[in-house]
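need coordinates for the below:
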Amino acid sequence: MESNRHVLYILRDTRSPRGAVLGFLKVGYKKLFLLERDGSHVEVEPLCVLDFYIHESQQRRGLGRELFREMLQRERVQPHKLAVDRPSEKLLGFLKKHFGLCDLIPQVNNFVIFEGFFSTRTAPARRPFPRPRPEEPIKPYSLSERHFLREEPEPPWPFNLGRGSPVRGSLRPFLVRRETPPGTPPGTESPPSRPRAGPGTGGKWGRK
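Down below sits the predicted model:
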């Protein structure tokens, strides 16, 4: 019988007339969180022994061993790869006597596993660490930042003209041109005189 991924193996007496049931073994796959020897958690889905029973009148006749081996052959699994759900002391003695399962790995749940359960589990591939780069002197800021810090904003023209700067562009028409008599020492030039209207010129200030 198979239901919900559980398989029930039944040992039946083939002698007539009734063919009585002598025992059964129930197994199934379950997702479990198990502990390794080093205490690390592992999520696995092993084949689990869920129930095992042989009628008392048929015990100590090798029928349980025959039923268990038939299950291992059909499921293609080794005894140390099984997880046993809440085994009794009698079942633990049975597994130790007939299959050599005696070294238990303690778990926090109701399942029992034995030494060799994790023997063929492949370890995860380790990612290689990047090679360290050669040490370089630490720079406070980049070269472009240093040039930027050195430069100062220049005021717009004509405010950027300092003393002694030559007159450029359209500034020349706005300067008053003065003629200095020859031989005049520098700095003693007289200010330019405003033109006056003389008599008879017909100007605004002249006489009529």
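
in this protein, which spans are helices?
Here the chain has its helices, by DSSP state H, at 63-75, 89-99, 143-150.

out of these, the one nearest G28 is which?
Within the helices of the chain, the stretch nearest G28 is helix 63-75; the backing value is 10.3 Å (Cβ to Cβ). Just so you know, the C-beta spots here come from the backbone N, C-alpha and C atoms, and that holds for glycine as well.

between helix 89-99 and the closest one, find me the angle.
Put simply, helix 63-75 runs at 70 degrees to helix 89-99, going by axes from the mean of the first three to the mean of the last three Cα atoms, to 10 degrees.

quick one on the thing from earlier: can you add mean neighbour count, mean pLDDT and distance to H41 and give the helices of the chain back as CSV?
Listed next are these as CSV, based on neighbours: other Cβ atoms under 10 Å; pLDDT from 0 to 100; distance: least, Cβ to Cβ, whole Å:
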stretch, mean neighbour count, mean pLDDT, distance to H41
helix 63-75, 15, 95, 26
helix 89-99, 14, 94, 24
helix 143-150, 9, 51, 51
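
looking at these, which is nearest to F52?
Nearest of the helices of the chain (Cβ to Cβ): helix 89-99, 6.1 Å.

where in this structure is pLDDT low?
1-4, 16-17, 120-208 (pLDDT under 70).
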